[in-house]
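S.K.: structure for the following, please:
(chains A and B)
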Amino acid sequence: MTEFRYELMAKDGKARRGRIHTAHGPIETPAFMPVGTVGSVKGMKMEDVRAQGADCVLGNVYHLMLRPGADLVQKMGGLHKFMNWPGPILTDSGGFQVYSLNDIRNDDEDGVTFTSHIDGSKHRLTPEISTEIQYKLDATITMSFDECTEFPVTYERAKESLERTIRWEKRSREAFVKREGYGQFGIIQGAHYPDLRKASIDALVDIGFEGYAFGGWLFDETGSKETYNTTVETCVPWMPEEKPRYMMGVGYPSDLIYSVQQGIDMFDCVIPTRNGRKGQAFVHNGVVKIKQAQYKEDSAPLDPECDCYVCKTYTRAYLRHLYMSGEALAGMLLTEHNLHFYQRVMRLIRENIEAGTYDAFAKEWLAKVK
RNA sequence: GGAGGAAUGUCCGAGUGGUUAAAGGAGACGGACUGUAAAUCCGUUGCGCAAGCUACGUAGGUUCAAAUCCUACUUCCUCCA
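M.R.: Below is the predicted model:
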């Protein structure tokens, strides 16, 4: 059996090239993990996701516990078999979903009671329940159950929430069933307050996890990246060197390139899939919003520099037509292109770290990509 | 041949005397989306930079005021012969 471990293979500045060994195969890092919330990367067949170069995908406790239920997934042989993804799966603990549904939640020291968005029924998540569900799903990487705060948030509230999160993460760790090749990550909170982030890291390292994730919310409604950038720049170096560093829920291609430069190893984000379904394609020099009139008679591929199936096969005019007609294929094709683009960027990131040319690469790509 | 009904902005469609440049929808154009309650959500959409102008089949009329009432005409639909 494979021991769950992080292998640091090369460094270029703060950027790290590594490999996470797991029971379900390796994850080459820096890695982008497509989001498959309900056991599906929306619009994609899993073999295609794999062929694009993804090593690991996400699943979600909140969604899967409500439908179809963790027991059913377990009965069907676990999430890997259920969704036809033999590789590593990372499951989010549900903390973020419960936070984003904050109008119908009710939390206490023990956990959170919330109302299902599907049928209004009452459900409960605690660190123990979330961890058990992830065990039943057979998650390769289990996330500890944390509390998210709104952003911006006051220092007092962030501190109070962090203290509870640390207690919850300790309980998550105690509930975690250790198995060869499986791991559990702790989630760092503390909003944009460096001393809280530091306290969070210290507490989590003290508990001891197989990896550490950067959680919370650092983007405001203006889309400014200043808070994100300064927080990441300050706090990521405090994360343990010998364990994987996972930035949760990020981001645009430029966010990935920047964050890798700051020492992050793993990402997940709905942007390439969701925005693909909504008609936005990421290309080598920015973004193509396929519904724009300028593409009506455009016989070029989405991205002339892309070698994906979609770019080799279809014109922008056709993709626009599909989108304007409301065809499901439009979202599928743009999703396929976007994920391909993201994996290509990750490949370039890894190659440039290995070659020791990361800064030049980052400078060039940050200037042209969204 | 007779009896009813209908004509509204790019399209569909509400409105039956005055907060009506005219509800709502579609379409078109633009924007947003970062640990997925999202093939979603949000703007704009007669002309003009503006004062303003032109608009509810056509032509007249009533009224302080009409898309809304009256008359004629045109076109379309349904039913009866």
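
S.K.: got the residue ranges for the strands in the stretch 1-150 of chain A?
M.R.: A:5-12, A:15-21, A:27-29, A:31-34, A:57-60, A:89-92, A:105-107, A:112-115, A:122-125, A:141-143 (DSSP state E, counting those that start in this stretch).

S.K.: so for residue A:217, which of the ones you listed sits nearest?
M.R.: strand A:89-92 (14.2 Å; Cβ to Cβ). Every residue, glycine included, has its C-beta placed from N, CA and C.

S.K.: which strands border the closest one, and is each parallel or antiparallel?
M.R.: Partners of strand A:89-92 in the sheet, by DSSP bridges, are strand A:57-60 (parallel), strand A:141-143 (parallel).

S.K.: how about the longest one, does it reach RNA strand B?
M.R.: This means strand A:57-60. Yes. Residues of strand A:57-60 contacting RNA strand B under Cβ under 7 Å from any atom of the strand: A:58, A:60.

S.K.: which non-adjacent residue is nearest residue A:238?
M.R.: Of all residues not flanking residue A:238 in the chain, residue A:201 sits nearest, at 5.1 Å (Cβ to Cβ, 6 or more residues apart in numbering).

S.K.: residue A:215 is in contact with that neighbour, correct?
M.R.: No. Residue A:201 lies out of contact with residue A:215 (Cβ atoms under 8 Å); the separation is 11.7 Å.

S.K.: what sits in contact with each of these two?
M.R.: residue A:188 (Cβ atoms under 8 Å, 6 or more residues apart in numbering).

S.K.: higher neighbour count, these two?
M.R.: Between residue A:201 and residue A:215, counting by other Cβ atoms under 10 Å, residue A:215 is the more crowded of the two (28 against 20).

S.K.: the more buried one and RNA strand B, how far apart?
M.R.: From residue A:215 across to RNA strand B, the span is 4 Å (Cβ to the nearest atom of the strand, to the nearest Å).

S.K.: wait, that residue sits on residue A:189?
M.R.: Yes. Between residue A:215 and residue A:189 there is a contact under Cβ under 8 Å: 5.6 Å.

S.K.: which residues do those two both contact?
M.R.: Residues within reach of residue A:215 and of residue A:189 at once, by Cβ under 8 Å, 6+ apart, are A:146, A:148.

S.K.: need the pLDDT of the closest residue to residue A:61 other than its chain neighbours.
M.R.: Residue nearest to residue A:61 in three dimensions, not counting chain neighbours: residue A:94, with 3.8 Å by Cβ to Cβ, 6+ apart. What the model reports as pLDDT for residue A:94 is 94.

S.K.: can you get me a residue count around residue A:94?
M.R.: Residue A:94 is flanked by 26 other residues according to other Cβ under 10 Å.

S.K.: how close does it get to residue A:65?
M.R.: Distance, residue A:94 to residue A:65, using Cβ to Cβ, to the nearest Å: 7 Å.
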